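[1] Sequence and predicted structure, then a few things I'm wondering about:
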There are 4 protein chains.
Amino acid sequence: MKNRVHSQEVTKAAKQRLLERGVTVESIAEIVYAMQHPFTPELTMLECMESVEKVITKREIQHAILVGVELDVLAEQNKLSEPLQTIVATDENLFGVDETIALGAALGYGSIAVTTYGFLDKNKEGIISKLDTKAGGQVHTFLDDIVGAIAASASSRIAHRIRDFEDKASEEIMLDKEEEELIG
Amino acid sequence: MKNRVHSQEVTKAAKQRLLERGVTVESIAEIVYAMQHPFTPELTMLECMESVEKVITKREIQHAILVGVELDVLAEQNKLSEPLQTIVATDENLFGVDETIALGAALGYGSIAVTTYGFLDKNKEGIISKLDTKAGGQVHTFLDDIVGAIAASASSRIAHRIRDFEDKASEEIMLDKEEEELIG
Amino acid sequence: MKNRVHSQEVTKAAKQRLLERGVTVESIAEIVYAMQHPFTPELTMLECMESVEKVITKREIQHAILVGVELDVLAEQNKLSEPLQTIVATDENLFGVDETIALGAALGYGSIAVTTYGFLDKNKEGIISKLDTKAGGQVHTFLDDIVGAIAASASSRIAHRIRDFEDKASEEIMLDKEEEELIG
Amino acid sequence: MKNRVHSQEVTKAAKQRLLERGVTVESIAEIVYAMQHPFTPELTMLECMESVEKVITKREIQHAILVGVELDVLAEQNKLSEPLQTIVATDENLFGVDETIALGAALGYGSIAVTTYGFLDKNKEGIISKLDTKAGGQVHTFLDDIVGAIAASASSRIAHRIRDFEDKASEEIMLDKEEEELIG
């Protein structure tokens, strides 16, 4: 038995779980683009995908993926004990542990991530909506919330980085101006 | 100097602050109604107002109101020190303390309150939208988030109570059935 | 297959899980007593047990118990997929989903519950310490955090109710005084 | 009137506020050292100070400092309206907005930061204890919690980075082993 799990193994497993459940980095990035593009017209899908990739490297997010998908799969296979089996399999509306786990992951990216997550939870878009339809006996009670949290975190990350970039840019502008005044 | 503030005084002050800033219990209840009515057609405005009143009796909510409105008013009067004054007065988008305080209040009503709060933060409705317009030099940087948290908490409260009621009702139905089987 | 799980069934299952895993209401109440007694000398164990019982009636707490114990038991039986199995079975220190779920439950009782939960997580007492020793191949990775959250919530509940009581008491004192002034 | 506040200005102001209120990076680092040293004997004060410096560059932390110190100073000068003035000046125990703001900042560094913050709130050490004594009419109702959050965040940051480093180190060890097997 292994003593400790290497970070690389956790990262690999987290990415695998998402793919096994039909969630690609691109599908999450599409939601990020929809959220951030109205504020930043020049934003590209590539930048959104990079942001999602970065978010998925965080331990808290990876652990949420592993736990959430495990519970969804076990519920799909009818392997949870009652009454938890029914609560998870029917995605009961007053069951909040799925949202708590997702929220805990989003909180790492600040209040913008939290409010965006809340919005995506009510206004299910793209892949989140697809996961939520429960087509063909699939259970995504935990995963749709976690995908929402990843999208919200990636959105918040972009908003903060754009501001950092703008601040640096204006700094260079100010330095240029100072140099000009010294010449002649 | 007073040693400790009586709860009644805090409750009274919290309600006064809301009214002084143009927020009535009814205006918050309208948002609650908009949120919950789709799920519960028989819900009345009176029930929504009662829920809002109940939420406003909670210490965490009252303290959030007192702190939030104090900071809004001080910013309106230009009495905060820089750079906080500008950050609050312009409702800077990457400033999150207003959302953190509101979120802390909503968290007392569970994950439904948190996600609803997030939704209302992005989809500003009714009184929240009015507060957010910043008309006439007014500052409601903190208050619009707190009102969102009150509305979200009241919505969550209703969702949980309706489920409690339905469960009790079905219990009576089950008892009736048992009695019937015993007769004759 | 059942359509919806009745609240009574969830309550019953949550209480059963705790007992099956060796956690009694009394053992949790002992921690509450240790936390609150220094502030309230006249506090009794009975009051602490009543507070714990009340906390265990909350949906968020019950759901956390069901999910947490399920994951602990599955890990004990080696039934989780890797690398989650090792992470949970060895109670890895950088694994935080157990704490997130517990924290989500404690947050329903305000900031006092959250800080008390944090304290109990570092200063493991009584039953929490017993669960954490991992004696005999048992896994309580999730349960020790959830018990901490229940104890912290019950402590916070007592602190708030004592304040409510003191405020009402002083109110009656004030009313008595007014009546006296009117006589004669 | 300025339109937007440059990040550099916010960073500068946040650091100044801490110093004006008697809090040095070193004093916070001492708490971090006390928390982490038992787990990592080779940890140095310099590493703790670097961690604190990094944490203080985060927007959420800086905003919490600006708001918290502003409220403390206004309370010290008796400039808040009642009943908030008394609640803040007497550091009322059921007032939780100070903890909510600090918690919101700590949450950016995950569940380890949150539980450590809770522990420091109950077991006040070093500079936190000094701020909490309220010597000479000073008010640090908000600041002692924020300093706790900074210390907790810096502690969590160190724990995660040490794990990252250990994982990379073992990776190099594994690569070395593979190379050796190929030789001869």
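    Arrived safely, thanks for sending. Numbering: from 1, shown residues only, chains lettered A, B, ... in the order given.
[2] got the contact list for residue A:43?
    Contact analysis of residue A:43 by CB atoms under 8 Å, 6 or more residues apart in numbering or on different chains lists A:33, A:36-37, A:158. C-beta: built from backbone N, CA, C; applies to glycine.
[3] Columns secondary structure on top of these, output as a markdown table?
    Compiled in a markdown table, those are given as follows (DSSP: H, G, I helix; E, B strand; the rest coil):
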| residue | secondary structure |
| --- | --- |
| A:33 | helix |
| A:36 | helix |
| A:37 | coil |
| A:158 | helix |
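[4] quick one, strands of chain A?
    Assigned by DSSP state E, chain A shows no strands.
[5] In it, what residue lies closest to chain B?
    residue A:118 (1.6 Å; CB to the nearest CB).
[6] Next, count neighbours for that residue.
    31 (other CB atoms under 10 Å in any protein chain shown).
[7] State the pLDDT value of residue A:179.
    pLDDT for residue A:179: 49.
[8] one step back: run through the residues that contact the residue of chain A closest to chain B.
    Counted by CB under 8 Å, 6+ apart, residue A:118 has contacts B:114-119, B:121-122.
[9] what's the residue nearest the centre of chain A in contact with, if anything?
    Nearest residue to the geometric centre of chain A (CA atoms, centre = their mean): residue A:150, 0.3 Å. Residues counted as contacts of residue A:150 (CB under 8 Å, 6+ apart) are A:28, A:52, A:55-56, A:61, A:105.
[10] again, 10 Å this time
    Counting by CB atoms under 10 Å, 6 or more residues apart in numbering or on different chains, residue A:150 touches A:18, A:23, A:25, A:28-29, A:31-32, A:51-52, A:55-56, A:58, A:61, A:64-65, A:102, A:105-106, A:109, A:113, A:117.
[11] pLDDT, neighbour count and distance to residue C:73 for the contacts of residue A:43 - can I get that in a markdown table?
    Listed next are those as a markdown table, based on pLDDT from 0 to 100; neighbours: other CB atoms under 10 Å in any protein chain shown; distance: CB to CB, whole Å:
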| residue | pLDDT | neighbour count | distance to residue C:73 |
| --- | --- | --- | --- |
| A:33 | 96 | 24 | 42 |
| A:36 | 92 | 22 | 42 |
| A:37 | 93 | 15 | 45 |
| A:158 | 92 | 24 | 41 |
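[12] Need those residues in JSON lines (columns: distance to chain C).
    Listed next are the contacts of residue A:43 as JSON lines, based on distance: CB to the nearest CB, whole Å:
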{"residue": "A:33", "distance to chain C": "28"}
{"residue": "A:36", "distance to chain C": "26"}
{"residue": "A:37", "distance to chain C": "31"}
{"residue": "A:158", "distance to chain C": "24"}
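[13] Quick check: chain neighbours aside, which residue is closest to the residue of chain A closest to chain B?
    Once flanking residues are discounted, residue A:118 sits nearest to residue B:118: 1.6 Å by CB to CB, 6 or more residues apart in numbering or on different chains.
[14] What's the separation between residue A:82 and residue A:89?
    10 Å (CB to CB, to the nearest Å).
[15] To clarify, my last question referred to residue A:155.
    Taken as CB to CB, the span from residue A:155 to residue A:89 is 30 Å.
[16] So if I had to pick from those two, which one is more boxed in?
    A direct count of neighbours by other CB under 10 Å for residue A:155 and residue A:89 places residue A:155 higher, at 29 against 20.
[17] Count the neighbours of the spatially closest residue to the more buried one that is not a sequence neighbour for me.
    Of all residues not flanking residue A:155 in the chain, residue A:35 sits nearest, at 4.5 Å (CB to CB, 6+ apart). Burial of residue A:35 is recorded as 23 neighbouring residues (other CB under 10 Å).
[18] How about the contacts made by residue A:35?
    Residue A:35 sits in contact with A:43, A:48, A:116, A:119-120, A:125, A:151-152, A:154-156, A:158-159, B:122, where contact means CB under 10 Å, 6+ apart.
[19] hang on, residue A:106 packs against residue A:145?
    Yes: look at residue A:106 against residue A:145 with CB atoms under 10 Å: they come within range, at 9.5 Å.
[20] joint contacts of those two?
    A:64, A:99, A:117, A:120.
[21] and which of the residues you listed is nearest chain C?
    residue A:64 (6.2 Å).
[22] Okay, and which of the contacts of residue A:150 map to helices?
    A:18, A:25, A:28-29, A:31-32, A:51-52, A:55, A:61, A:64-65, A:102, A:105-106, A:113, A:117 (DSSP state H).
[23] Within reach of chain C, which of the residues you listed are there?
    A:64-65, A:102, A:105 (CB under 10 Å from any CB of the partner chain).
[24] Many thanks, we can stop here.
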